[in-house]
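[1] make a model of this:
(chains A and B)
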Amino acid sequence: MADSIEDRFAVETELLGLKLLPGQEANLRAAYAVLREAVALVGADYPFEAEPAHVFAPAPGAERRR
Amino acid sequence: MTASDPCFLSVAEAAALIAAKRLSPVELTQAYLTRIERFDGTLHAYVRVLPDEALATARAAEAEIATGRYRGPLHGIPIGLKDIYDTAGLATEGGSKLCLGRVPTADATTTRLLKQAGAILLGKLTTWEFAIGGTAFDTPFPPARNPWNTDRDPAGSSSGSGAAVAAGLCAMAMGSDTGGSIRWPAAWCGLTGLKPTYGRVSRAGIMPLSFSLDHAGSLAWTVEDAAIVLQAIAGHDPLDPASADRAVPDYRAALASPDLKGVRLGIPRAMFERDCPASGAMGAAFKAAVGVLRGLGAAIAEIELPALALYNATASLITRSEGFAIHEKTLRERPQDYGGLARDRLTIGAYVRASDMVQAMRRRLMLAAATDAAMAGFDAILLPTCPDPAPMLGELGPYFDNRRPMYMRPFNLTGQPALSLCNGFDDTGLPLSLQIVGRHFDEATVLRIGHAYERATPWRERRPPL
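    Next up is the predicted model:
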């Protein structure tokens, strides 16, 4: 298991089979660090039964949709 | 532009003159075409102008109106469409090399509805590449510039829509809003931008970025104009699986009230004072706007919303994941054909794991519920649209929203209607902006508040110094 953000980025890039263009790796590595911060903020510690919103979720108060 | 220039009229004003046969749609269209010819070489608001088609449509509208078949307030009104709105037989290229020469066979539902209402299409408007690519200099079309100061950024992704309406190059324009892309250019270009409730306006035939968060709506000079456009495009569409089957009220009728007595407004002060402090000018303009609204009779109190960063992180994961899913095939096969910003902003979505996405959708539901609960007893939320006025063109960073996050994305996540409107200018003459967020499907109240504010203030009297 990769330890650092940089290592994780490299491992995941390889697993995803992404062929990055010259110069793209540095940009994505920076963006990856921001992404992992977002993932941490959103968290994973939800009640077992917590339902996700669905892509076309009815808004609160919506009465009916087709 | 002079006060007598027809390009200076709001949609409502032009419509009244056209209905009374005191303004010719042909003359109005020609006036806009002349102005486009004069200014768009600098502003780059349009990617494609349609002089022959627009004049032909204008002549047809004039003939129809002359025989008593007036369709309503968009009949004979020249408009622009962000170049992600499909137009049958006319290239719709999304600001990308990947789509050059792409000619849809059908109109987007909104395109069709606007045509049915009698609007005249002047042309297709500049967009950030696929509505995400940022202010880019490596895509087929140059970035739009801000008419209030052409060295400044007009914001995006509906950049051409903002620039065109502000500069008087069309009467109104359509944009799309996944994280603020209607309200943001409206804010930096001194306009009214309306993101309706998720499901209120069809997205069918509009290039998607994030199925869960995409909204279609207008950028216009006044709130009344936004109401006129919404009336024409709101309603259920079976071609959009997110479309809501809800009755459409009379939005202009909602503007009739002369004051805001009985209206309750909540201010989430921590969002723009603690989470991302608004600049001095934006903060001062907001404070003054609160005073105006209170003077109109609104009851105002503070409310507490979840942290801005939590909304933004959640929306970011959803947008990145859905954006990558939409573009994965071409990102893998033709990455070199994307501009650098769009390529990076879309590719990063590959790193969002399936479980990250599910957690984000769980968080989304919780945030929507928390926002709904915070609004209990209130008709609308009031806050600035963004922390700062327009920066220099090209100054926005690749992940600008992490440095100075905007206050718009929370309401893409919750799906609530949100209106941005001009509430003043900074000491360099750049527009400032106020945001009014309503309850789901209650655009009427949002428009009522915005219209009352607009009538009580002088901000619609000033135009860009072109």
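[2] and residue 42, what's its pLDDT?
    By default, I'm working from chain A. Predicted confidence (pLDDT) for A:V42: 98.
[3] should've been chain B
    For B:T42, pLDDT reads 98.
[4] was I right about it contacting B:P147?
    No: B:T42 is not in contact with B:P147 according to CB atoms under 8 Å; the separation is 9.0 Å. Yep, even glycine has a C-beta here, placed from its N, CA and C like the rest.
[5] between the two, who's got more neighbours?
    Shown here are B:T42 and B:P147; by other CB atoms under 10 Å in any protein chain shown, B:P147 has more neighbours (26 against 13).
[6] how many residues are close by B:G193?
    B:G193: 34 neighbours (other CB under 10 Å).
[7] whoops, I mixed them up, B:E304
    So B:E304, with other CB under 10 Å, has 11 neighbours.
[8] what sits against it?
    Each residue near B:E304 by CB atoms under 8 Å, 6 or more residues apart in numbering or on different chains is listed here: B:P268, B:A270, B:A374.
[9] with adjacent residues omitted, what lies nearest to the last one?
    What that stands for is B:A374. Spatially, and ignoring its direct neighbours in sequence, B:A374 is nearest to B:I303 (4.8 Å; CB to CB, 6 or more residues apart in numbering or on different chains).
[10] and the first one, by the same measure?
    Nearest non-adjacent residue to B:P268, counting by CB to CB, 6+ apart: B:L305, 4.2 Å away.
[11] ok, B:V292 next?
    B:A456 (5.4 Å).
[12] hang on, that neighbour packs against B:G295?
    Yes: counting by CB under 8 Å, B:A456 touches B:G295, with 7.3 Å between them.
[13] ok, the two, which is more surrounded?
    In this view B:A456 and B:G295 are compared by other CB under 10 Å, and B:A456 has more residues nearby, 15 against 11.
[14] distance of the more buried one from B:Y251?
    From B:A456 across to B:Y251, the span is 20 Å (CB to CB, to the nearest Å).
[15] and stretch B:79-92, C-alpha only, in PDB?
    In PDB, the C-alpha atoms belonging to stretch B:79-92 read as follows (Å, rounded to 0.1, in the frame of the first residue of the first chain):
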ATOM      1  CA  ILE B  79     -31.400  36.300 -28.000                       C
ATOM      2  CA  GLY B  80     -28.200  34.300 -27.800                       C
ATOM      3  CA  LEU B  81     -27.600  30.700 -26.700                       C
ATOM      4  CA  LYS B  82     -24.600  29.300 -24.900                       C
ATOM      5  CA  ASP B  83     -22.900  27.000 -27.400                       C
ATOM      6  CA  ILE B  84     -23.800  23.800 -25.500                       C
ATOM      7  CA  TYR B  85     -27.500  24.300 -26.400                       C
ATOM      8  CA  ASP B  86     -28.300  22.100 -29.400                       C
ATOM      9  CA  THR B  87     -29.700  23.900 -32.400                       C
ATOM     10  CA  ALA B  88     -31.000  21.800 -35.200                       C
ATOM     11  CA  GLY B  89     -28.900  22.200 -38.400                       C
ATOM     12  CA  LEU B  90     -26.600  24.600 -36.700                       C
ATOM     13  CA  ALA B  91     -23.200  23.700 -35.200                       C
ATOM     14  CA  THR B  92     -23.100  23.300 -31.400                       C
END
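[16] before we move on, back to that, isn't there a helix covering the residue nearest to B:P268?
    No: assignment of B:L305 by DSSP: H, G, I helix; E, B strand; the rest coil gives coil, placing it outside any helix.
[17] and it, what is it in contact with?
    Neighbours of B:L305 in contact, by CB under 8 Å, 6+ apart: B:P268, B:A270, B:M271, B:A370, B:T371, B:A374, B:I381, B:P410.
[18] which one of the residues you listed is nearest to chain A?
    Among the contacts of B:L305, B:T371 lies closest to chain A (CB to the nearest CB), at 8.7 Å.
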